[in-house]
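Enquirer: Sharing a sequence plus its predicted fold:
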Amino acid sequence: MISRYLLQIFLLIIAAFLGQEKAFAWGDEGHQIVCSIAYKELTPSARQKVDGLIAQDRDFRAFPQACTWMDHPKKRRIEHYVNVPRNANQITATDLCPGAEKCIVTAILNDIRDLALTTRDEDQLSLIKSLGHWLGDIHQPLHVSFGDDHGAGLIKGSSPCSGDLHSVWDTCIIEQTLGDDAETAAIEVRSEITFADRSDWTHGDIDENAVLGWANASLAISLAPNTEYCVEVGHECRYTSDAVSYDGHNEKTVTTDQAYIERQAPLVKRQLQMAGVRLGYIINQIFSTTENVAALNAPNFSLERVLAARGTMPAAPPANIEALQPIAGTDISTNSSLQAKVDELMTRVRVLEIALAGGRVKQ
């Protein structure tokens with residue numbers, strides 16, 4: 001019979017392991033927000049396809065929840081992030097995964113390609129779940145960071161965000177500013193996305209350069225002095241001013257008080273919005289038709305090339321029936337009065353959506 005002492009030790013080990021697992025992704029709510037935004041961005045045909053795939057899933061009944069699948073338990077572990085050297089300020093096309101064979105950058109490129117090429121429902125289901133997760137991960141800034149401190153997993157936070165700095169960005173900032181209901185948060189966050197935002201975040205091909213751009217934007221946030229993740233000394237961003245990297249003993253502490261949360265909240269919200277819109281755009285492009293896919297060897301990945309190879313390249317991004325459409329011939333971004341009317345209508349839509357979801361509007 002196991003003694004109470006041994007049982008306590010076992011439970012502590014399990015708790016430590018689970019805590020470490022949590023330190024490598026947005027929390028479940030963050031991933032659900034991203035995929036809920038993406039789902040609301042889908043065209044009717046793409047949504048029908050996603051619904052049909054999720055209906056075959058043994059564990060999930062909705063796409064947003066399915067986007068947490070890669071974390072429970074952790075799958076393809078080294079592909080949830082990308083580590084960079086302390087003296088790097090960007091990732092380049094010549095070294096997509098510095099010091100590693102795989103990373104979040106290659107995971108996204110490979111899974112988009114595979115989703116565009118496969119015709120098997122089982123593979124498509126697995127790939128929309130993994131791709132939904134990856135789009136969330138690459139937009140979490142501390143997933144593009146340094147390996148010696150486990151992406152800020154070895155940096156302490158402070159009240160009200162207990163735990164490490166990585167979990168502060170994963171979970172605490174979201175819960176403190178958006179609440180703990182992912183669907184209500186997604187409706188609120190999506191209501192603030194403009195037509196100009198969608199255009200800026202999805203213009204051009206989804207290729208290696210685009211995904212690198214997403215990763216480097218996250219890295220820039222990680223390295224920013226305002227994040228307090230590292231200390232810039234010369235050409236290095238150090239663990240502390242005196243130590244280049246974490247030495248395995250003395251964890252530093254970042255004050256993650258209410259002021260810190262409020263300072264970072266707009267960045268976190270923007271990253272969630274971008275991830276959701278980009279994910280929705282990718283799924284719309286791939287599921288724009290039900291025609292069979294021709295085989296294609298695409299080592300230098302380009303979504304446009306893959307879609308062109310199967311003869312289904314859309315002339316333009318599919319219209320989103322849930323979004324207000326601009327008046328023909330009118331540039332909303334340069335018409336302040338029209339933009340104000342659109343913003344007012346979007347606010348009303350937000351109130352109605354949240355009310356229908358049984359939530360409350362945050363003031």
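Expert: That came through fine.
Enquirer: Next, the residue positioned nearest the centre of the chain: secondary structure please.
Expert: Residue closest to the average C-alpha location in the chain (CA atoms, centre = their mean): residue 136, at 1.5 Å. Secondary structure for residue 136, judged by DSSP: H, G, I helix; E, B strand; the rest coil, is helix.
Enquirer: In this structure it contacts residue 30, no?
Expert: Yes. Between residue 136 and residue 30 there is a contact under CB atoms under 8 Å: 6.2 Å. For every residue, glycine as well, the C-beta is placed using N, CA and C.
Enquirer: which residues do these two both contact?
Expert: By CB atoms under 8 Å, 6 or more residues apart in numbering, residue 136 and residue 30 have these common neighbours: residue 272.
Enquirer: Beta-bridge partners for the closest residue to residue 253 other than its chain neighbours, please?
Expert: Ranked by CB to CB, 6 or more residues apart in numbering and with sequence neighbours excluded, the top spatial neighbour of residue 253 is residue 156, at 4.2 Å. Assessed by DSSP bridges, residue 156 has beta-bridge partners residue 164, residue 253.
Enquirer: Is there a neighbour count for residue 245? I'd like the number.
Expert: Neighbourhood size, residue 245 [other CB atoms under 10 Å]: 16.
Enquirer: Next up, the contacts around it.
Expert: Per CB under 8 Å, 6+ apart, neighbours of residue 245: 86, 146, 148-149, 238-239.
Enquirer: Which of those has the largest number of neighbours?
Expert: residue 146 leads those on contacts (other CB under 10 Å) with 25 neighbours.
Enquirer: What residues does that one make contact with?
Expert: 83-86, 230, 237, 239, 245.
Enquirer: Could you check how far it is from residue 235?
Expert: Residue 146 sits 14 Å away from residue 235, going by CB to CB, to the nearest Å.
Enquirer: Please work out how many residues are found near residue 94.
Expert: Counted with other CB under 10 Å, residue 94 comes out at 5.
Enquirer: So for it, what's the pLDDT?
Expert: Note for residue 94: predicted pLDDT of 95.
Enquirer: go on, the one 3 residues further on?
Expert: Here the pLDDT value assigned to residue 97 is 97.
Enquirer: how much space between the closest residue to residue 91 other than its chain neighbours and residue 82?
Expert: Distance criterion CB to CB, 6+ apart; nearest residue to residue 91, sequence neighbours excluded, is residue 215 at 5.5 Å. Counting by CB to CB, the gap from residue 215 to residue 82 is 6 Å.
Enquirer: what touches both of those two?
Expert: With CB under 8 Å, 6+ apart, residue 215 and residue 82 have common neighbours 91, 104-105, 144.
Enquirer: Tell me which two of these sit farthest apart.
Expert: 91 and 104 (10.3 Å; CB to CB).
Enquirer: any residues in contact with both of the two?
Expert: 82, 144, 215.
Enquirer: Mind listing what's buried along stretch 229-239?
Expert: 229-231, 237-239 (16 or more other CB atoms under 10 Å).
Enquirer: Can you give the distance of stretch 141-157 from its chain's centre?
Expert: With CA atoms, centre = their mean, to the nearest Å as the basis, stretch 141-157 stands 17 Å off its chain's centre.
Enquirer: now swap in stretch 49-58 and tell me
Expert: 21 Å.
Enquirer: End to end on that stretch, go ahead and measure it.
Expert: Separation of the first and last residues of stretch 49-58 by CA to CA, to the nearest Å is 17 Å.
Enquirer: Let me see the contact set for residue 78.
Expert: When contacts are taken as CB under 8 Å, 6+ apart, residue 78 is in contact with 100, 102-103.
Enquirer: Return the list of helices and strands in contact with the host helix or strand of residue 200.
Expert: Secondary structure assigned from DSSP states H and E places residue 200 in helix 195-202. Under the contact criterion of 3 or more CB pairs under 8 Å, 6 or more residues apart in numbering; DSSP states H and E, helix 195-202 touches helix 258-286.
Enquirer: mind listing what's buried in the helix it packs on?
Expert: In helix 258-286, counting by 16+ other CB under 10 Å, buried: 260-261, 264, 267-286.
Enquirer: All the strands of this protein, in order from the start?
Expert: Secondary structure of the chain, counting by DSSP state E: strands at 82-83, 144-145, 231-233, 236-238.
Enquirer: among those strands, which is nearest residue 76?
Expert: Nearest to residue 76 among the strands of the chain is strand 82-83; the distance by CB to CB comes to 13.2 Å.
Enquirer: Filter the shared contacts of residue 91 and residue 104 down to the buried ones.
Expert: Buried, going by 16+ other CB under 10 Å: 82, 144, 215, out of the shared contacts of residue 91 and residue 104.
Enquirer: check contacts around the closest residue to residue 49 other than its chain neighbours.
Expert: Leaving aside its sequence neighbours, residue 49 sits nearest to residue 287 (CB to CB, 6+ apart; 4.4 Å). Counting by CB under 8 Å, 6+ apart, residue 287 makes contact with 45-46, 49-50.
Enquirer: Ok, residue 219 next?
Expert: 84, 88-91, 141, 144-145.
Enquirer: let's see 6 Å
Expert: Residues in contact with residue 219, defined by CB atoms under 6 Å, 6 or more residues apart in numbering, are residue 144.
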